[in-house]
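>>> Build the 3D model from these lines:
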Amino acid sequence: MRRGAVATPEIRAAAGTLWAFRAHAERDAAARFRRMTEGLDSSGALPVVIRMASDAAGDEDRHARLCAQAAARFDHPVRDVSSEEAPAMAPPTLGLRERVLYEVVAQCCITETLSAVYLRQMMGNTVGEPLHGMIQEVLKDEVSHSRLGWAHLASERDLGMDMSFLGPHLSDMLAGTVQEALFGPEPAEDPSLLLRPFGGLSHEERRDGFEGALAEVILPGLETHGVDVGAARDWLEARTSIRR
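Residues are numbered from 1 along each chain as shown. Predicted coordinates for the structure are as follows:
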């Protein structure tokens with residue numbers, strides 16, 4: 001918690017809700033990584049990648065518990081963060097290897113990379129234990145989960161997989177990570193500003209983090225691995241142009 005930050009009852013309630021939401025998001029991520037581990041194993045992925053996915057599932061379970069503990073510090077108990085079965089993300093018309101790669105790209109190359117960017121922003125806002133230390137712990141793991149995605153993408157490219165199927169799906173993957181309101185005008189009074197010392201991000205921080213991660217890391221990285229990102233760049237350009 002940042003020194004001097006005032007946690008009024010209203011702010012405490014909002015912070016508790018925020019961390020409870022994140023606890024459930026981490027729980028869902030654990031389920032997706034368990035599903036991913038099975039898919040990687042069935043599709044003949046590299047053993048090191050399979051092990052990274054299995055480890056990631058355990059990491060996300062731990063993250064869910066940490067976020068639940070953070071919510072409890074703000075008097076918002078989370079009753080259950082046990083993982084449930086994750087629904088399929090990839091279109092069923094794709095082959096097994098393509099479905100697995102789709103889910104790895106969506107979850108690791110995109111979602112986990114974005115998560116790492118947001119957590120770095122949060123680190124700059126949040127000072128003091130235990131919240132700061134918890135964010136730092138989660139950030140370290142999310143970076144590793146992102147690397148899992150790039151490692152599997154590189155492996156499939158080296159094995160000669162045709163990456164052209166991914167390009168048309170990138171816009172859907174991106175749309176699943178963000179609300180359209182993020183690209184609209186900034187609110188006259190952004191209530192999330194008051195949550196910055198307690199693990200929140202402002203509208204501007206979330207938008208800048210998202211756009212910067214896409215433009216500087218995610219899209220160039222995918223392009224380097226042979227993925228056509230033209231449609232994704234058009235998707236991003238259409239949203240950033242709203243403010244011009």
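>>> Show me what the mean pLDDT comes to for stretch 226-244.
Stretch 226-244 shows a mean pLDDT of 89.
>>> So for that stretch, what gets flagged as buried?
Buried residues in stretch 226-244, defined by neighbour count with 16 or more other CB atoms under 10 Å: 226-229, 232-233, 235-236, 239. (C-beta placed from N, C-alpha, C; glycine too.)
>>> Helices - which of the residues you listed land there?
With helices defined by DSSP state H, the entries of these inside them are 232-233, 235-236, 239.
>>> Including distance to Ala86, could these go into a markdown table?
Shown next, in a markdown table, are those (distance: CB to CB, whole Å):
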| residue | distance to Ala86 |
| --- | --- |
| Ala232 | 24 |
| Arg233 | 29 |
| Trp235 | 25 |
| Leu236 | 27 |
| Arg239 | 27 |
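>>> For this protein, give me the ranges with low pLDDT.
1-6, 83, 127, 242-244 (pLDDT under 70).
>>> Just the residues contacting stretch 113-127, thanks.
Applying CB atoms under 8 Å, 6 or more residues apart in numbering, the external contacts of stretch 113-127 come out as 1-3, 132, 135-136, 138-139, 142-143, 146, 149, 177, 196-201, 205-206, 209-210, 212-213, 217-218.
>>> chain center to that stretch, what's the gap?
What separates the centre of stretch 113-127 from the centre of its chain is 11 Å, taken as CA atoms, centre = their mean, to the nearest Å.
>>> Keeping just the C-alphas, turn it into PDB.
The C-alpha trace of stretch 113-127 is given here as PDB (Å, rounded to 0.1, in the frame of the first residue of the first chain):
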ATOM      1  CA  THR A 113       2.000 -10.900 -22.000                       C
ATOM      2  CA  LEU A 114      -0.600  -8.300 -21.300                       C
ATOM      3  CA  SER A 115      -0.900  -9.400 -17.700                       C
ATOM      4  CA  ALA A 116       2.800  -9.000 -17.200                       C
ATOM      5  CA  VAL A 117       2.600  -5.400 -18.600                       C
ATOM      6  CA  TYR A 118      -0.300  -4.500 -16.300                       C
ATOM      7  CA  LEU A 119       1.500  -6.000 -13.300                       C
ATOM      8  CA  ARG A 120       4.600  -3.900 -14.100                       C
ATOM      9  CA  GLN A 121       2.400  -0.900 -14.100                       C
ATOM     10  CA  MET A 122       0.800  -1.900 -10.800                       C
ATOM     11  CA  MET A 123       4.300  -2.300  -9.300                       C
ATOM     12  CA  GLY A 124       4.900   1.400  -9.900                       C
ATOM     13  CA  ASN A 125       1.800   2.400  -8.100                       C
ATOM     14  CA  THR A 126       1.700   0.000  -5.100                       C
ATOM     15  CA  VAL A 127       4.200   0.400  -2.400                       C
END
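>>> Pull stretch 228-239 out as PDB, backbone CA atoms only.
Presented in PDB, the C-alpha positions along stretch 228-239 are these (Å, rounded to 0.1, in the frame of the first residue of the first chain):
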ATOM      1  CA  ASP A 228       0.300 -12.400 -40.600                       C
ATOM      2  CA  VAL A 229      -0.700  -9.700 -38.200                       C
ATOM      3  CA  GLY A 230      -2.200  -7.300 -40.800                       C
ATOM      4  CA  ALA A 231      -5.800  -7.800 -39.700                       C
ATOM      5  CA  ALA A 232      -4.800  -7.400 -36.000                       C
ATOM      6  CA  ARG A 233      -3.000  -4.100 -36.800                       C
ATOM      7  CA  ASP A 234      -6.100  -2.900 -38.600                       C
ATOM      8  CA  TRP A 235      -8.200  -3.900 -35.600                       C
ATOM      9  CA  LEU A 236      -5.900  -1.900 -33.300                       C
ATOM     10  CA  GLU A 237      -5.700   1.000 -35.600                       C
ATOM     11  CA  ALA A 238      -9.500   1.200 -35.800                       C
ATOM     12  CA  ARG A 239      -9.700   1.500 -32.100                       C
END
